[in-house]
Every structure is written in C-alpha cells, then in structure tokens.
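Visitor: give me a 3D structure for the following:
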Amino acid sequence: MSVNAEHVDSLKRRSLGSDTYTLDTPVPGISRRPWSGFRNISGILFKLKNHPGAIVGGFVILAYVICAVFAPYIAPHSPGEVALAKRFVPPVIGSINPLGTDQLGRDILSRIIYGARVSILVGVLTVAISMVIGVGLGLIAGYYQGSFDKIMSRFTDLLLAFPYLIFVIGAMSVLGPGFWNLILALCFKGWVEFYRLSRAEVMSQKASEYVEAARALGRTDGAIMISEILPNIIHSILVLGTLRMGNMIVMESSLSFLGLGVPPSIPAWGSMVSDGRRYMLNAWWVATLPGLALVVLVLAINLVGEGLRDVLDPRLKEN
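Guide: Take a look at the predicted model:
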C-alpha cells in the first residue's frame, strides 16, 4: 500500500521545519497500527483482569519468585544440611520438616525453595538471551532480506531438523555440566523461534504506511526497525517468550534429571526427582513433591502466556 504523495510532501516539509516532529503526530491518511508498543503495559494489566486463569497464574509466579529471592530467610533449613538420623521422615504439617526429608536427611521444603532459584533463573536468562539474539537477527533479515536472509533461513532450517532435547543433550555432553554451560546449550537453539517469528512480522510490516512515512522523513533503517517496527511486533514476541519460558524450565529439569544440568551440589528440581525415583515405593514424597512444584510453576507460566495471547494478539480480536 503506497502513501499519498501529498501527505509525503507534507511530512517532508514538517520534518525540515521542525527537528522535534515525530510520527506519533496524527496525519490524515497515514495511521499506525493500534498497538502503541511499550506504553501499553498498564493497559495490558488492566485487560488481564478478565482472564482469571492469568491472574491466578500471575500470583503463583509471584509467590515462586518471592521464595526464590528470599530463600535464605524463608527456608527452614540449609538445603545441603545432612542429618542421617532423620532419613526419610514423612511429611507432617507443623513439624520441623513439613514436607519430609530425603535419603540423606535433607529437608525437602528447603531444597524445593532453593531449587526455584535455578529453574526461574534458567528460564528468564535463556528466554531473554534467545529473544535478544533471535529478534535482532530477525529484524535485520526481514528488513533487508537478500543473501543474509537466505543464509540465516537455511541455518535455522538445519537447527530445526534436530529434536530440541537431543540437541541440548549432545551440547551438554560436549560442554560438560554447569550453570552457564546449560544456559549456552539452551540458547544455541532457543533463538530460532524468535528469529522466525520476528522475521515474518517484519516482512509483513515493512511495507506499511507508517514505515513508508518514516522513510519519507529521512529516518535511518536502524531507527525504523527499533522505533517503528519493533514496538508494533513486540506483542507476538512477548507471548512467545512467556510460553517458551515454561518450556525452558522443563528442559532444565530434564537435563538435571539426566545428570547433565547444574552440579549436584546445587539443589535443582530435576536432580531431586532423579534422586528420589528409586525410593518411590517407600518414600514417595522425595520425588513427587519437587515434581509437583515444577508442574505448578510451568502451568502458571502457561496460564499467563495464554492470557497475554488473548489480550495482545490482534487476530483474535478480529474473530
């Protein structure tokens, strides 16, 4: 869709006469998409009140985050405190070990609280790094296309040919266990979905009227991508990031279950499930309770992601 020549000339005259003119100024015939980017956070939170599942999920996530941040003050015991005389104490509400103890007499509740630190930190860091890499490359490839776009598309197709878990297991086998090695292994393929989404969104947006108007005003390509296109595609990226965070947490737990995640000295839900699976018949709580904590957190994240999708996806509003 092309911009009327009279409006373009008007935009050029305004840009020459005023250094402070921006495309936010309403111009007849040239309109931006209704999404206004980063300034609608309060509006998003207000609209989420109509999604009870997202509200419940948000409170659950907030509770997990508080436990993770203030773990030293909330946990009743040290997560690595060994007490062989208290091995396999069953859960008793109101006791000094309300969720019981494991095979070494360590407090299950304390280890679950500290394990939330690992899962949340891995989920946030992995999604944030993958989002920055994927969206940055997607903006460039979708806007310029050409040879760079072809090379990146073939490379992403190659990465997508490998199942995610098998790919990460192979990467961790090479890198070795460790927190930052885990982040690196998850990010090595995690950016692909953000790249493909942002590339497709940019290709659909770069021919819009507000982008052509920005070019008419003499804006640089970088300014157009960051200030004009990105705020109009950020809603899809946020929804994808929220949903993928739960997936990354499950991946971290799977790797810890296999002994390829964080070191055994660091409490992690996956390694706790792995340690307790051999005692399921006699001490079910050792493996069941950390697994339940993982399920509740991932479910809460997915509920928030579904709520954000309903609020932010304009295609759902049109249906």
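
Visitor: C-alpha only now, for contacts and for neighbours.
Guide: OK.

Visitor: how near is Ala293 to Gly134?
Guide: 30 Å (C-alpha to C-alpha, to the nearest Å).

Visitor: again but with Arg117, I slipped
Guide: As for Arg117, its distance to Gly134 is 25 Å (criterion: C-alpha to C-alpha).

Visitor: and for Thr242?
Guide: 15 Å.

Visitor: which of the two has more neighbours?
Guide: Gly134 (24 against 21; other C-alpha atoms under 10 Å).

Visitor: distance from the helix or strand hosting that one to the middle of the chain?
Guide: Using DSSP states H and E, Gly134 maps to helix 108-144. Centroid displacement of helix 108-144 relative to its chain, using C-alpha atoms, centre = their mean, to the nearest Å, is 5 Å.

Visitor: what average pLDDT does it get?
Guide: Here helix 108-144 scores 93 as its mean pLDDT.

Visitor: residues of it that come out buried?
Guide: Buried residues in helix 108-144, defined by neighbour count with 16 or more other C-alpha atoms under 10 Å: 108-124, 126-131, 133-143.

Visitor: show me where the stretch 51-200 of the chain has its strands.
Guide: Here the stretch 51-200 of the chain has no strands by DSSP state E, counting those that start in this stretch.

Visitor: please enumerate the helices of it.
Guide: For the stretch 51-200 of the chain, the helices defined by DSSP state H, counting those that start in this stretch occupy 52-69, 71-74, 108-144, 146-160, 164-175, 179-205.

Visitor: relative to Arg87, which of these is closest?
Guide: helix 108-144 (11.1 Å; C-alpha to C-alpha).

Visitor: packing partners of that closest one?
Guide: In this structure, helix 108-144 makes packing contacts with helix 52-69, helix 146-160, helix 179-205, helix 230-257, helix 269-276, helix 285-312, judged by 3 or more C-alpha pairs under 8 Å, 6 or more residues apart in numbering; DSSP states H and E.

Visitor: of the ones you listed, which stretch is the most buried?
Guide: helix 269-276 (a mean of 24; mean count of other C-alpha atoms under 10 Å).

Visitor: which strands or helices does that helix pack on?
Guide: By 3+ C-alpha pairs under 8 Å, 6+ apart, helix 269-276 packs against helix 108-144, helix 230-257, helix 285-312.

Visitor: next one: it to chain centre, how far?
Guide: On C-alpha atoms, centre = their mean, the centre of helix 269-276 falls 24 Å from that of its chain.

Visitor: do stretch 207-216 as well
Guide: Distance, centroid of stretch 207-216 to centroid of chain: 31 Å (C-alpha atoms, centre = their mean).

Visitor: quick one: mean pLDDT for it?
Guide: On average, stretch 207-216 scores 85.

Visitor: how about that stretch: buried residues?
Guide: Across stretch 207-216, burial judged by 16+ other C-alpha under 10 Å covers 208-216.

Visitor: could you redo the residues you listed as JSON lines and give each row secondary structure and distance to Gln103?
Guide: Compiled in JSON lines, the buried residues of stretch 207-216 are given as follows (DSSP: H, G, I helix; E, B strand; the rest coil; distance: C-alpha to C-alpha, whole Å):
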{"residue": "Ser208", "secondary structure": "coil", "distance to Gln103": "62"}
{"residue": "Glu209", "secondary structure": "helix", "distance to Gln103": "65"}
{"residue": "Tyr210", "secondary structure": "helix", "distance to Gln103": "63"}
{"residue": "Val211", "secondary structure": "helix", "distance to Gln103": "62"}
{"residue": "Glu212", "secondary structure": "helix", "distance to Gln103": "66"}
{"residue": "Ala213", "secondary structure": "helix", "distance to Gln103": "67"}
{"residue": "Ala214", "secondary structure": "helix", "distance to Gln103": "65"}
{"residue": "Arg215", "secondary structure": "helix", "distance to Gln103": "66"}
{"residue": "Ala216", "secondary structure": "helix", "distance to Gln103": "70"}
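
Visitor: sorry, back to before: so which of the helices of the stretch 51-200 of the chain comes closest to Pro91?
Guide: Nearest of the helices of the stretch 51-200 of the chain (C-alpha to C-alpha): helix 108-144, 9.1 Å.

Visitor: now do the closest residue to Ile129 other than its chain neighbours, the pLDDT please.
Guide: Spatial nearest neighbour of Ile129, excluding adjacent residues (C-alpha to C-alpha, 6 or more residues apart in numbering): Cys187 at 6.9 Å. In this model, Cys187 is scored at 92, pLDDT.
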